[in-house]
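only the shape, not the letters, is given here:
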């Protein structure tokens, strides 16, 4: 014991009165439970307790330690002394590497004497470095639950079946290639998880697991399964997705208790009718069902490729020379053909909200997706990697085309893109192939026709309006140039509505561009159709104007007198030597350039309305959204069951990608500690085909115990004016006005609740909790209390989706009957304490909220995490700067 004290640096103060020991014992050593995995030096605490209070420690029945601890080896030698131990957790994953991935623990074996723990029923060794299963485990006579997931096991012992009392076994995410025949001797086994291994076949003895209710074999390399699985009469759920199955036995359909058979993403070409027609069978992603035809022949023969299905919390995967198919949780898909990467390469990905400072949309572009970033940037693949990106359906955009746009580090360029609509889901997908990774997004643009112009000349015409032609004569250039043509059709009704002049007519708007800064050597001949209703027979040439606009469309010059216009019955023809925008107008107006500028700007704008709704169950939760005019009624109809609020604002006009702000006024404010909050204003970016919606919680400094607060939310372009009039005039509209709209917000008077002080009600106290990690951001006890305040009557549904059992929910409800606040707190913190060591617990909380119909709480959690990530990155940058400056000083 003296040697251990020296190891811990305790000296003579190892006695009962050593600083910190009583506090630790009081908080951690209670009810025969010792939970030290949440402490960075938990093993040190354990050794100190064993040194000082051995009599109590040897009585411990439940012990949790982190295997990322550097004192783990010393601690393992003490475990055989804990003869009463029932549950032992030695998990890794509590630390993160420089990229944010969970670090596996250092555990590679267990002392042989651990096999003498005759009371041990639960053993969790997940997220470690085990390559073989410690032999002492097979000598644990009472073991019921064994978890060895996320290790490096390649095989199980031949006598693994000697664990006769085992009811739960998980070895997911290992490297198992086969199973011992003795696995069939686990007579009482109920739950077997062998997912994400390298299993190629199963022994027939698996069919002897007569008490098994759930069997997960997904993510392996199985090409067939034994007929003996039909003997598992207790089986309820069988997971076989993401294997290489080419057939399955028809007898599976006769299993009496089977409620789910997942066969998705296999190579099944023929399925027995009994299985194909069963309602509990899932067959998506097989050649016989709904599959997406490959744009290249090499993918169609890649049925044996490794498939990766990534969850919402994951942000990386590894590509080898064998190739693979990857599906992200957001629906983005990749195909890496064999040989695309010569060596194993780790790919990092994330989806970002589009930032107008980085995403430069061209005039008349419409953004249809978020930004996808793939790293490492600039690495060249040996073969093209295929990407499929889902996008918002541009149902109201006609005579346009959808392209994937990528950023090279200096500018954005459009990729050759194929689009399709899935028949079953009706979702739209854009497909492209690339050799380099960078940033990608999906846009709708004006249809672009292009050609190469050689010295001999050529002809280019528009596929939107074949009457628009550009003729390049011989000798027009010395070197081949690339020329692009785009056309914006404009109806007579649009011109009349904008100009309020029935006599104004205009041709389609023509944009020409080239990849050279040098003018053409010979005039290029352009043919435009005459404006609607105008022919060569009724043409009044004094009313016809040819306008040329700059590339930004800010100025429009009348060049009618500078060119020679020729007319046919239907067309006007003229010649130019450099390219820009060209537009034919037919009007009696004199200052046609100003009118054209106004029309051009209006053609780029969208008519929108603002809505501000409050959740019926919680008026402090406010939904703000900017909605295109034609979508307002469907959006309100969808929200009316859960929200109430004033009528939408008057119609205003906004540009694609325009920034605007929402400011709460007259006694209402928002949490300023948000990434999207600038000087107290909530920042939005308007994209016509993306959701311009945010749900936030508002507060009021006014004492609401005695009266309601009648405030408002105002929307502004750019920046809020320095002085806001007491009664803002609704007549201030137009593109040059900062104020857009104002809508009322009313917070009713409320009785005092525990949530207002972010503290628990009387009788409730909780130990410190930090869900998540430093890099991705923590959810603290304060955060959980804030979340609990919003839950309301949905707590039971949320609890079930979090994984609590019906019995737990009923017990919580009974123990806290007639007190909804305590029911919510008990449910939420019970779950948090059970899952605090799970690295994915925050993403599971977000998913549970979404599944429970509480997108508002899911958004709040995501906002908290996003803020945590931002603060973490800033702290890393500050540390880096401090290190650099200290290095310079020392130099």
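Arrived safely, thanks for sending. This is a predicted model, so every value here is computed, not measured.

C-alpha only now, for contacts and for neighbours.
OK.

show me what contacts the residue lying closest to residue 709 once chain neighbours are set aside?
Of all residues not flanking residue 709 in the chain, residue 747 sits nearest, at 5.1 Å (Cα to Cα, 6 or more residues apart in numbering). Applying Cα atoms under 8 Å, 6 or more residues apart in numbering to residue 747 gives the contacts 619-620, 708-711.

I'd like the distance between residue 747 and residue 714.
To residue 714, residue 747 is 16 Å away according to Cα to Cα, to the nearest Å.

dump the contacts of residue 747 into a markdown table; add secondary structure as well.
Putting these into a markdown table (DSSP: H, G, I helix; E, B strand; the rest coil) gives the following:
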| residue | secondary structure |
| --- | --- |
| 619 | coil |
| 620 | coil |
| 708 | coil |
| 709 | strand |
| 710 | strand |
| 711 | strand |
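
and the residue nearest to residue 709, how far is that from residue 613?
Distance from residue 747 to residue 613, by Cα to Cα: 12 Å.

quick one, strands of the stretch 201-350 of the chain?
Secondary structure of the stretch 201-350 of the chain (DSSP state E, counting those that start in this stretch): strands at 214-216, 237-239, 260-262, 281-282, 306-309, 316-319, 324-327, 333-336, 345-352.

which residues touch the longest one?
In other words, strand 345-352. Identification of contacts with strand 345-352 by Cα under 8 Å, 6+ apart yields 315-320, 370-376.

partner strands of whichever helix or strand comes after it, with direction?
Scanning forward in sequence from strand 345-352 by DSSP states H and E, the next helix or strand is strand 366-367. Here strand 366-367 is paired, per DSSP bridges, with strand 439-446 (antiparallel).

list the contacts of the strand it pairs with.
Outside strand 439-446, the residues touching it (Cα under 8 Å, 6+ apart) are 364-374, 389, 391, 394, 399-407, 430, 486-488.

quick check: mean pLDDT across the helix or strand in which residue 857 is found?
Under the criterion of DSSP H and E, residue 857 resides in helix 855-890. Averaging pLDDT along helix 855-890 gives 61.

got a PyMOL select line for the buried ones in the contacts of strand 345-352?
Remark: buried members of the contacts of strand 345-352, expressed as a PyMOL selection using 16 or more other Cα atoms under 10 Å:
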select buried, resi 315+316+319+320+370+371+372+373+374+375
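
I'd like the contacts of strand 345-352 as TSV, with distance to residue 828 and pLDDT appended.
Converted to TSV, the contacts of strand 345-352 look like this (distance: Cα to Cα, whole Å; pLDDT from 0 to 100):
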residue	distance to residue 828	pLDDT
315	27	79
316	30	82
317	32	83
318	35	83
319	39	86
320	42	85
370	32	90
371	34	90
372	34	91
373	35	90
374	36	90
375	37	87
376	39	87
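
check the contacts of strand 345-352 and tell me the two furthest apart.
320 and 370 (27.7 Å; Cα to Cα).

per-residue confidence for the residue nearest to residue 795 when sequence neighbours are not counted?
Nearest in space to residue 795, with sequence neighbours left out and distances taken as Cα to Cα, 6+ apart, is residue 824 at 5.8 Å. Looking at residue 824, its pLDDT stands at 86.

I'd say residue 824 and residue 791 touch.
Yes: assessed by Cα atoms under 8 Å, residue 824 is found in contact with residue 791 at 7.2 Å.

quick one: which of these two has more around it?
Applying other Cα atoms under 10 Å to residue 824 and residue 791 shows that residue 824 carries more neighbours, namely 27 against 22.

look up how far residue 504 lies from the residue lying farthest from the centre of the chain.
For the chain, the largest distance from the centre (Cα atoms, centre = their mean) belongs to residue 537, which lies 60.2 Å off. Residue 537 sits 18 Å away from residue 504, going by Cα to Cα.

please apply the same query to residue 580.
The value you get for residue 580 to residue 504, if Cα to Cα is used, is 23 Å.

and what of residue 46?
86 Å.

and residue 351, by the same measure?
Distance, residue 351 to residue 504, by Cα to Cα: 46 Å.

so which of the two has more stuff around it?
For residue 351 versus residue 504, the count of surrounding residues by other Cα under 10 Å is larger for residue 504: 20 against 16.

mind listing the residues bridging to residue 412?
residue 407.

try residue 644
For residue 644, the beta-bridge partners under DSSP bridges are residue 614.

my read: it touches residue 614, true?
Yes: counting by Cα under 8 Å, residue 614 is a contact partner of residue 644 at 5.5 Å.

which one of these two has more residues nearby?
residue 614 (23 against 17).

OK, contacts around that one?
For residue 614, the contact set (Cα under 8 Å, 6+ apart) comprises 620-623, 643-645.

am I right that the residue farthest from the centre of the chain is in a strand?
No: using three-state DSSP, the secondary structure at residue 537 is coil, not a strand.

grab the nearest non-local neighbour of it.
Leaving aside its sequence neighbours, residue 537 sits nearest to residue 569 (Cα to Cα, 6+ apart; 6.7 Å).

cool, residue 331 as well?
Using Cα to Cα, 6+ apart, the closest residue to residue 331 is residue 390 (6.5 Å).

now do the contacts for the one you found.
331-332, 369, 427-430.

of these, which belong to strands?
Per DSSP state E, strands hold the following members of these: 428-430.

residue 378 reaches residue 437, doesn't it?
Yes: the pair residue 378 / residue 437 is scored as a contact, 5.9 Å apart, by Cα under 8 Å.

where do the helices sit along the stretch 251-400 of the chain?
With DSSP state H, counting those that start in this stretch, the ranges of helices along the stretch 251-400 of the chain come out as 273-276, 297-300.

can you flag the weakest of those helices by average pLDDT?
Among these, helix 297-300 scores lowest, at a mean of 35.

tally of neighbours for residue 280?
Neighbour tally, residue 280, other Cα under 10 Å: 15.

how near is it to residue 238?
From residue 280 over to residue 238 (counting by Cα to Cα), the distance is 10 Å.

swap in residue 849?
26 Å.

next one: residue 771
31 Å.

quick one on the thing from earlier: let's have the ones in strands among the contacts of residue 390 in a markdown table, adding neighbour count.
Converted to a markdown table, the ones in strands among the contacts of residue 390 look like this (neighbours: other Cα atoms under 10 Å):
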| residue | neighbour count |
| --- | --- |
| 428 | 17 |
| 429 | 22 |
| 430 | 21 |
